[in-house]
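1. sequence first, then the predicted structure, then my questions.
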Amino acid sequence: MKSFNARHLACLSLLSLNLGFGAMAFAAKTDLDYQRLRASLDELHNDPTLGAFAPAEQTLARQAVDALLLGGDAKTRNHLIYIAERRIDIASVAAQTEAEQAKLTQLEHEHDKIMLQASQREAATARLDAEKQRIMGLAQAEEADRLRAEAEASAQEAEASRLEVDQAKRVAKAKDTESTAGRKEAELELALMRSRLDNLLITQGPRGPQVRLDDLAFSGGGLKPDAKKHLQKLVQFTNQNAGKSIRIEGYVDNKTAASVAQKRAESVRDALIGAGVAATRITVSGMGAEQPLVANDSDEHRAQNRRVVVIAENAGG
Amino acid sequence: MKHMPPVKKILYPCCTFLLLTLVACEQTKPPITDMDNAARSLQSARAAGAATYAPLEIRFAEERLNQARIAMDKHDFVAAQRVAEESSVTSDLARTKVRLAKVREQVEARSRENTHLREDLLAPTTTEEAPQQ
């Protein structure tokens, strides 16, 4: 009986020992799972990048892991382990998601910055283009001004030259008019001279018939070449008075040298000799400013006093 | 025990039985809320695109929801509640993975776009060099 009791006791103690070991083994298994899950949770929590993200999910995961400590049967334990593992996975993925979200936000900021820089650069380029256009415009305006100034200058030049030409024309015209006038005057004088020479007026002087040659027929101290061609009347006068001696007297005004009177008288003599009048018949006398016809008070009067008188002297006169 | 009155002798076992029955009743109540949560979580994960981005997780979630339904049919409410909870948390994981995948896609797209923009808009252009020439 005693031995039975002892054997019984040994069996019981073995059984209890087995049960104790089993409980210990179970506790050890739970502890291992707990530590494994706890470790991975701590790893996430201490991660320098992800640790700060998804705090709510991390808390849920921690609660799920801590639930393992409450114990339970094998099925419950497996269930709790499964839940804890998924919770840790969720915390990890959520943390990664939040990290990516932060990266995305940063990229958005970067994008905005790029767009801003691009628009600033575009504005700068536009400003540069505008400046270029402005400078080109200025250059074009300057060129246009220059061309216009040149055109104006050449127009002015043309105007000036036109004026000059006009002036020259006017001067030429004036000169022409002048010369025409002069020529006309000279022609007139010449015509008058010719007329006078051709229609010599024979007057009866105190010493016999006489003719007078005007100042018009003379130039300086002698007959004009044209006058020499119109001395037929004078020659005719001398021939009409063939028997008479011919006295040629030269007169001048009070402002002309007396020698001029002498020279003029001699030039008439020479002309008559040239025309065939006998030189022996002719006497010449320079009378100077004597016996003026009119007072020497004007150019016209003085011209009247400058004359050569040819006298067919009466015999004994 | 011998000093115990007879009424009490009957009362203690009765109370204990009642308590146990109540506890048992509590445990055998069908986990309607957990089942609903699991179904809703799975639906939400599917709608988010989990079939594409987290196919493995969505399959596990579906399997566990099916197991929960089978357990419900067998009136094994404890098992049903556990598996439904597991399905639910797996669906949550799937949905979280979908979010991560989508954000990563956005990050990649934005990163590529920024690189292109930088090349296109901020690269040293010839117009800046032109005046120097």
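-> Perfect, thanks for sending it.
2. can you give me the helices in chain B?
-> B:6-27, B:32-48, B:50-53, B:55-73, B:77-121, B:126-129 (DSSP state H).
3. and those helices: which comes nearest residue A:225?
-> helix B:126-129 (94.2 Å; C-beta to C-beta). C-betas here are computed from N, CA, C, even on glycine.
4. pick the most deeply packed of the helices of chain B.
-> helix B:77-121 (a mean of 20; mean count of other C-beta atoms under 10 Å in any protein chain shown).
5. orientation of that one relative to helix B:55-73 in degrees?
-> Interaxial angle, helix B:77-121 versus helix B:55-73 (axes from the mean of the first three to the mean of the last three C-alpha atoms, to 10 degrees): 160 degrees.
6. who are the packing partners of helix B:77-121?
-> Here helix B:77-121 touches helix A:74-198, helix B:32-48, helix B:50-53, helix B:55-73, going by 3 or more C-beta pairs under 8 Å, 6 or more residues apart in numbering or on different chains; DSSP states H and E.
7. tell me the secondary structure for residue A:293?
-> Look at residue A:293: counting by DSSP: H, G, I helix; E, B strand; the rest coil, its state is coil.
8. point me to the residue of chain A nearest chain B.
-> Chain B sits closest to residue A:118 of chain A, with a gap of 3.7 Å, by C-beta to the nearest C-beta.
9. nearest spatial neighbour of that residue, chain-adjacent residues omitted?
-> Take residue A:118 and drop its neighbours on the chain: the residue closest to it by C-beta to C-beta, 6 or more residues apart in numbering or on different chains is residue B:121, 3.7 Å away.
10. surely that neighbour is in contact with residue A:116?
-> No - in this structure, residue B:121 is not within contact of residue A:116 by C-beta atoms under 8 Å, at 10.4 Å.
11. okay, residue 125: pLDDT?
-> I went with chain A, as the question did not name one. Residue A:125 carries a pLDDT value of 88.
12. ah, no, chain B please
-> 59.
13. which residues does the residue in chain B that chain A sits nearest to contact?
-> Nearest residue of chain B to chain A, counting by C-beta to the nearest C-beta: residue B:121, 3.7 Å away. By C-beta atoms under 8 Å, 6 or more residues apart in numbering or on different chains, residue B:121 lies in contact with A:114, A:115, A:117, A:118, A:121.
14. likewise residue B:51?
-> Going by C-beta under 8 Å, 6+ apart, residue B:51 touches residue B:58.
15. mind checking the end-to-end distance for stretch A:44-62?
-> This stretch, stretch A:44-62, spans 11 Å end to end (C-alpha to C-alpha, to the nearest Å).
16. now do the buried residues in that stretch.
-> For stretch A:44-62, a neighbour-count test (16 or more other C-beta atoms under 10 Å in any protein chain shown) marks A:44, A:45, A:50, A:53, A:54, A:57, A:58, A:60, A:61, A:62 as buried.
17. not counting sequence-adjacent ones, nearest residue to the last one?
-> Nearest residue to residue A:62, sequence neighbours excluded (C-beta to C-beta, 6+ apart): residue A:41, at 6.1 Å.
18. can you pull the contacts of the one you found?
-> Counting by C-beta under 8 Å, 6+ apart, residue A:41 has contacts A:58, A:61, A:62, A:65, A:88, A:91.
19. mind saving the C-alpha coords of stretch A:78-94 as PDB?
-> This file holds the C-alpha atoms of stretch A:78-94, laid out as PDB (Å, rounded to 0.1, in the frame of the first residue of the first chain):
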ATOM      1  CA  ASN A  78      -1.800  32.400 -32.800                       C
ATOM      2  CA  HIS A  79      -4.600  34.800 -33.500                       C
ATOM      3  CA  LEU A  80      -3.000  37.500 -31.400                       C
ATOM      4  CA  ILE A  81       0.300  36.900 -33.100                       C
ATOM      5  CA  TYR A  82      -1.300  37.200 -36.500                       C
ATOM      6  CA  ILE A  83      -3.100  40.500 -35.500                       C
ATOM      7  CA  ALA A  84       0.100  41.900 -34.000                       C
ATOM      8  CA  GLU A  85       2.100  41.000 -37.100                       C
ATOM      9  CA  ARG A  86      -0.400  42.700 -39.400                       C
ATOM     10  CA  ARG A  87      -0.600  45.700 -37.100                       C
ATOM     11  CA  ILE A  88       3.200  46.100 -37.200                       C
ATOM     12  CA  ASP A  89       3.000  45.700 -41.100                       C
ATOM     13  CA  ILE A  90       0.300  48.400 -41.200                       C
ATOM     14  CA  ALA A  91       2.400  50.700 -39.000                       C
ATOM     15  CA  SER A  92       5.500  50.200 -41.100                       C
ATOM     16  CA  VAL A  93       3.600  50.700 -44.500                       C
ATOM     17  CA  ALA A  94       1.700  53.700 -43.100                       C
END
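20. neighbouring contacts of that stretch?
-> A:33, A:37, A:40-41, A:44, A:50, A:53-54, A:57-58, A:60-61, A:63-65, A:67-68, A:72, B:82, B:85-86, B:89-90, B:92-93, B:96-97, B:99-100.
21. got the buried residues for it?
-> In terms of neighbour count (16+ other C-beta under 10 Å), stretch A:78-94 has its buried residues at A:79-94.
22. ends of stretch B:49-56, how far apart?
-> The first residue of stretch B:49-56 is 13 Å away from its last residue (C-alpha to C-alpha).
23. and it, how far from the chain's centre?
-> Stretch B:49-56 sits 13 Å away from the centroid of its parent chain (C-alpha atoms, centre = their mean, to the nearest Å).
24. circling back to that earlier point, could you dump the helices and strands packed on helix B:77-121 into a markdown table and include distance to residue A:312?
-> Formatted as a markdown table, these follow (distance: least, C-beta to C-beta, whole Å):
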| stretch | distance to residue A:312 |
| --- | --- |
| helix A:74-198 | 17 |
| helix B:32-48 | 162 |
| helix B:50-53 | 161 |
| helix B:55-73 | 168 |
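25. which stretch in those helices has the least confidence?
-> helix A:74-198 (a mean of 87).
26. for the residue lying closest to residue A:51 once chain neighbours are set aside, give me the pLDDT.
-> Distances taken as C-beta to C-beta, 6+ apart place residue A:45 nearest to residue A:51, at 5.3 Å, with adjacent residues excluded. Per-residue confidence (pLDDT) for residue A:45: 94.
27. same deal with residue A:69?
-> On pLDDT, residue A:69 comes in at 89.
28. show me chain A divided up by domain.
-> For chain A, automatic domain parsing gives the domain ranges A:2-104, A:200-313.
29. can you check which of the ones you listed gets nearest to residue B:63?
-> The nearest among the domains of chain A, by C-beta to C-beta, is domain A:2-104 at 12.6 Å.
30. chain center to the closest one, what's the gap?
-> Here domain A:2-104 shows a centroid-to-chain-centroid distance of 96 Å under the convention C-alpha atoms, centre = their mean.
31. same question, stretch A:277-293
-> Centroid separation for stretch A:277-293 versus its chain: 82 Å, with C-alpha atoms, centre = their mean.
32. try stretch A:243-261
-> With C-alpha atoms, centre = their mean, you get 78 Å for stretch A:243-261.
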